[in-house]
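Chemist: turn this into a model:
(chains A, B and C)
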Amino acid sequence: MNIPYTVEERPDTGLANGKLGIWLFLASEVMLFGALFSTYILLRIGAPSWPHHELNVPLGAVNTVLLICSSVTMVMAWASLKMNKWGAHRGYLAATFLLALVFLINKSFEYAAHFRGGEYPSHSTFLAIYYTLTGLHGIHILGGMIVMAYLFGPGAKLWKKNPEQFTNRIEYTGLYWHFVDLVWIFLFPVLYLL
Amino acid sequence: MDNATTSGTVAHGHGHAHEHEHGHEELSFIWKYVFSQDHKVIGIQYAITGLLFLLFGFCLMMLMRWQLAYPGAPIPIIGGLLSQTNAPGGIMLPEFYNQLGAMHGTIMVFLGVVPLAVGGFGNFVMPLQIGAPDMAFPKINMMSYWVYFIGGVIMVGSFFLPAGAAQSGWTSYPPLAVITTPGLLGGQTWWLIGMVFLITSSLLGSLNFIVTIVQLRAKGLSWMRLPFFVWAQFVTSFLLLLAFPPLEAAGVLQLMDRLAGTSFFMPSGLVTGGKVLEVAGNGNPLLWQHLFWFLAHPEVYVLILPAMGIVGEIIANNTRKPLWGYRAMVYSVAFLGFMSFIVWAHHMFMTGMGTTMSAFFQTTTMIISIPSVVILTALLLSLWGASIRFTTPMLFALAFLPMFGIGGLTGLPLGLAPPDIHLHDTYYVIGHFHYVVAPGTIFALFAGIYHWFPKATGRKMNEMLGKIHFWGSFVCINIVFMPMFIQGLGGMNRRMYDGGMQYAHNAGLLKYNIVIGMAAWTLGLFQIPFIFNFFASIKWGALVDKNPWEATTLEWSAPSPPGHGNFVTEPIVYRGPYEYSVPGSLRDFTPQFESEKA
Amino acid sequence: MHSDSAEVQKSIRTYMMVGGMLLVFTAITVAASYLSLGVALGITVALLIATMKGSMVAAVFMHLSHEKKWIYGALILTIVGFLVLMTVPMFTVMDTIGTPIHVAAPAGEHPAGH
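Modeler: Purely as a prediction, here's the structure:
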């Protein structure tokens, strides 16, 4: 049984199902991270004091650069497919994955350094919200990496069978990835700089 | 043609122009009925699981009502079966009462009503009503059911923990919810984990619903030709999509408070049992309340909107008239959905908000009552001059109207802060919300079962048993909930395991507990004809063809039950959804899917 | 498809430029945090820069600048919900009845609360 508009766009909405689906998913993610930002606001205005520049700003800045670059490589991975350049696509997708991996490795160093100093989530509300926000963000990075690995590995077979559908999947992965980058664009100043 | 079995059978090989992805091989039992991707099978899975949880939650309530009617008396029959930690000698301990209370609410709302109303009815009926072959994302649909199932198992399983299940109310307010049996062995921890699963299931489902309704409507099915049921499910899905994530976040935060020693919700200087709590402090218990009610208020509209949709369909069909004010109802349901996001703190009037924010929430709450009244009025006016068929589904749908009316009206003093000072956390609140959900939504869901059972099974349910079920339930349910308003106005608090006995001002109100208990147990007895009817009719119900109710919407053009892919020929829509008694027509109904006659 | 090979080719320059701008803004926002701007101004500047960066990611990388009405509609609803979630709980907590408990009472006066 064929579900209509899985690949081709429905004329009156101009959308394929997956495009609308991924944007709705991202809308729910906005509310998820929004709740945590709201938590940050409430806890901060209720706190007698709040640390400034307590976290490792240079490492955070490096991570920001990594994610921005990974967003560029991700959109290029999609653009390469649109221009029928399979080799370039593979390169850009692998690069996105690797940049994400380095991000997570940096994060693990950062967490380890905090734990060595006894700075656990229970230590203060600042650390609690820091670990929760970055932890949830990190899980989303990992999720994106898993999808990318699938599309690099077994999922890549779809390019031969249905190139349009594969391109769409890369586009939707890209939308998710850019969102993850967007969250970090707000996380970084809020937690590291303010 | 195999009509007697439930849907999912690939029985329509001829007439189908569609190709299977994997050729035409028959799917094994596991892939056809267990991990099915067919919306009809998934809908039935949701419905049956939801009904079982409703029954379980009902049983928890019946236990509670014994304790309230006869505090400290051993529970008959079942008392011997309960464990010594919960009810030594069959006498319920306060901790067990609290577990029953918290889990009754949780199970009814999250495991019973919403999965049945949205997962069950939404999944089964909506794609058929829009002329779609299935949902936009069948695999995600399948996952959403099984994630719900796992969440349900976790929730019910938590009863078997050493200290029992969650016992801090379905609202799980910290600090109590955080400090009660902390760590992994605490029921509350598993409540939170279960909620994460349930919320994930809901998110997957809601985005599927929205994409399906936007993208897979049949040719000619424009927005203002959609059945009101579809509009209701559409708005409901937006509420679920946007309102649930904050509760998921809050659940994670409370888990961290319980497991990792954080203080998101734990204030400084808290003293319990004479000792100061060793927490970092600086947390805010109100943060939980905001995040919880940000979901839980839209959640109550999730509870009522599908019910209004079902009632709309059944009223139009059984009055042989179009719904009065369809356009107004559509705008109202959209406006209602939007407003539901900005009223939540009317559950928090007693938390020390100042007059400015209190006024804001009172205003939005009063405004939100307007679209509800518009919808109820439109449904009522739809009866004017109608040729009413008093079938079982219609009886339940008609009863919904005054019951929802009572529920809605009793909400008004709660939505205004001054009366809420007296009524907050009393039995008045319990009476109010149960009127909306129990003789409100659940009656609508019963109506829907009787109405769509023929489409799902190819057989009708028995009318006599249906009418016994209806009248018995209608009388008993009013006797259960009406006295609660009297108790609440008299100042009887909710969540008191002894029925309020320890307070002198409750003395004159205690007798109602016995009346309510008797009515509740009788209400339980009257569900037996329904349960028997449901299962017996699958085997022995009167056979029907495609359109036994002579209805106008698209689902009645498919076979009963529909096969894989739903429609034998591609459905096309020619007119609105409620063209009943069109002047000049030979019949008293003109279906959406029939082309113009010569 | 909404964009064909030639259009995508032209967009590549834009992607690279936006990527570069994002890196520049990152440097600016880090530098700004080392200035003693005070809390209110600091938050405003940081959020302004973040919003600009976020808008570029959304408009260019996520193709939002030429998306369809349904997407815009869903996002507008979401933004409204997001803003409500950011601001309203804060307002309820700031708008309190009586004197805050943790403010030290002047000598000789009964402290509010207990």
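Chemist: any regions of chain B where pLDDT drops low?
Modeler: Scanning chain B for pLDDT under 70 picks out B:1-25, B:597-598.
Chemist: nearest the geometric middle of it, what residue?
Modeler: Residue closest to the average C-alpha location in chain B (CA atoms, centre = their mean): residue B:113, at 2.5 Å.
Chemist: how far away is residue A:85 from chain B?
Modeler: Note on residue A:85: its distance to chain B, by CB to the nearest CB, to the nearest Å, is 29 Å. (Each C-beta comes from the backbone N, C-alpha and C, glycine too.)
Chemist: state which helix of chain B is the longest.
Modeler: Secondary structure assigned by DSSP state H gives helix B:285-319 as the longest helix of chain B.
Chemist: near chain C at all, it?
Modeler: Yes: if you take CB under 8 Å from any CB of the partner chain as the test, helix B:285-319 does meet chain C, through B:286, B:287, B:290, B:294.
Chemist: right, and the helix or strand after that helix?
Modeler: Of the helices and strands lying after helix B:285-319 in sequence (DSSP states H and E), the nearest is helix B:326-339.
Chemist: with just CA atoms, put that following helix into CSV.
Modeler: This file holds the C-alpha atoms of helix B:326-339, laid out as CSV (Å, rounded to 0.1, in the frame of the first residue of the first chain):
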residue,chain,number,x,y,z
TYR,B,326,-20.6,24.0,12.1
ARG,B,327,-18.5,27.0,11.2
ALA,B,328,-18.8,28.5,14.7
MET,B,329,-17.9,25.1,16.2
VAL,B,330,-14.8,24.9,14.1
TYR,B,331,-13.6,28.4,15.0
SER,B,332,-14.5,27.8,18.6
VAL,B,333,-12.5,24.6,18.8
ALA,B,334,-9.5,26.3,17.3
PHE,B,335,-9.8,29.3,19.7
LEU,B,336,-10.3,26.9,22.6
GLY,B,337,-7.1,25.1,21.7
PHE,B,338,-5.1,28.4,21.6
MET,B,339,-6.6,29.7,24.8
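Chemist: do whatever helix or strand comes next after that helix and chain A meet?
Modeler: Per DSSP H and E, the first helix or strand lying C-terminal to helix B:326-339 is helix B:355-381. No: counting by CB under 8 Å from any CB, chain A is not contacted by helix B:355-381; separation bottoms out at 13.8 Å.
Chemist: just checking, residue B:80 touches residue B:90?
Modeler: Yes: with contact defined as CB atoms under 8 Å, residue B:80 reaches residue B:90; the gap is 6.0 Å.
Chemist: so what's residue B:366 closest to, chain neighbours aside?
Modeler: residue B:415 (6.5 Å; CB to CB, 6 or more residues apart in numbering or on different chains).
Chemist: and the one you found, how far from residue B:384?
Modeler: Residue B:415 sits 30 Å away from residue B:384, going by CB to CB, to the nearest Å.
Chemist: repeat for residue B:520
Modeler: Going from residue B:520 to residue B:384 by CB to CB gives 36 Å.
Chemist: briefly note if whatever helix or strand residue B:41 lives in comes near chain A.
Modeler: Taking DSSP H and E as the criterion, the element that holds residue B:41 is helix B:39-69. No: counting by CB under 8 Å from any CB, chain A has no neighbours in helix B:39-69; the shortest distance is 10.8 Å.
Chemist: packing partners for the host helix or strand of residue B:397?
Modeler: Assessed by DSSP H and E, residue B:397 sits inside helix B:392-415. Taking 3 or more CB pairs under 8 Å, 6 or more residues apart in numbering or on different chains; DSSP states H and E as contact, the helices and strands that helix B:392-415 lies on are helix B:285-319, helix B:355-381, helix B:417-423, helix B:427-436, helix B:443-457, helix B:463-489.
Chemist: turn those helices into JSON lines, including mean neighbour count.
Modeler: Output for the helices and strands packed on helix B:392-415, formatted as JSON lines (neighbours: other CB atoms under 10 Å in any protein chain shown):
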{"stretch": "helix B:285-319", "mean neighbour count": "26"}
{"stretch": "helix B:355-381", "mean neighbour count": "18"}
{"stretch": "helix B:417-423", "mean neighbour count": "15"}
{"stretch": "helix B:427-436", "mean neighbour count": "23"}
{"stretch": "helix B:443-457", "mean neighbour count": "25"}
{"stretch": "helix B:463-489", "mean neighbour count": "19"}
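Chemist: state the distance from residue B:557 to residue B:323.
Modeler: Residue B:557 sits 20 Å away from residue B:323, going by CB to CB.
Chemist: picking that back up, do the longest helix of chain B and chain A meet at all?
Modeler: Yes: counting by CB under 8 Å from any CB, contacts between helix B:285-319 and chain A involve B:286, B:287, B:290, B:291, B:294.
Chemist: nearest to residue B:365 among these?
Modeler: residue B:294 (14.7 Å; CB to CB).
Chemist: show me what contacts that closest one?
Modeler: A:35, B:243, B:246, B:247, B:341, B:344, C:85 (CB atoms under 8 Å, 6 or more residues apart in numbering or on different chains).
Chemist: 6 Å instead, please
Modeler: When contacts are counted by CB atoms under 6 Å, 6 or more residues apart in numbering or on different chains, residue B:294 touches B:246, B:344.
Chemist: and for residue B:64?
Modeler: residue B:100.
Chemist: mind doing that once more with 8 Å?
Modeler: Counting by CB under 8 Å, 6+ apart, residue B:64 touches B:97, B:100, B:101, B:104.
Chemist: using JSON lines, lay out these together with secondary structure, neighbour count and distance to residue C:51.
Modeler: Listed next are the contacts of residue B:64 as JSON lines, based on DSSP: H, G, I helix; E, B strand; the rest coil; neighbours: other CB atoms under 10 Å in any protein chain shown; distance: CB to CB, whole Å:
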{"residue": "B:97", "secondary structure": "helix", "neighbour count": "23", "distance to residue C:51": "51"}
{"residue": "B:100", "secondary structure": "helix", "neighbour count": "26", "distance to residue C:51": "49"}
{"residue": "B:101", "secondary structure": "helix", "neighbour count": "22", "distance to residue C:51": "45"}
{"residue": "B:104", "secondary structure": "helix", "neighbour count": "21", "distance to residue C:51": "45"}
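Chemist: for those, which one is nearest chain C?
Modeler: Using CB to the nearest CB, residue B:101 comes nearest to chain C of the contacts of residue B:64, at 26.9 Å.
Chemist: I'd say that closest one and residue B:496 touch.
Modeler: No: taking contacts as CB under 8 Å, residue B:101 lies outside contact range of residue B:496: 9.8 Å.
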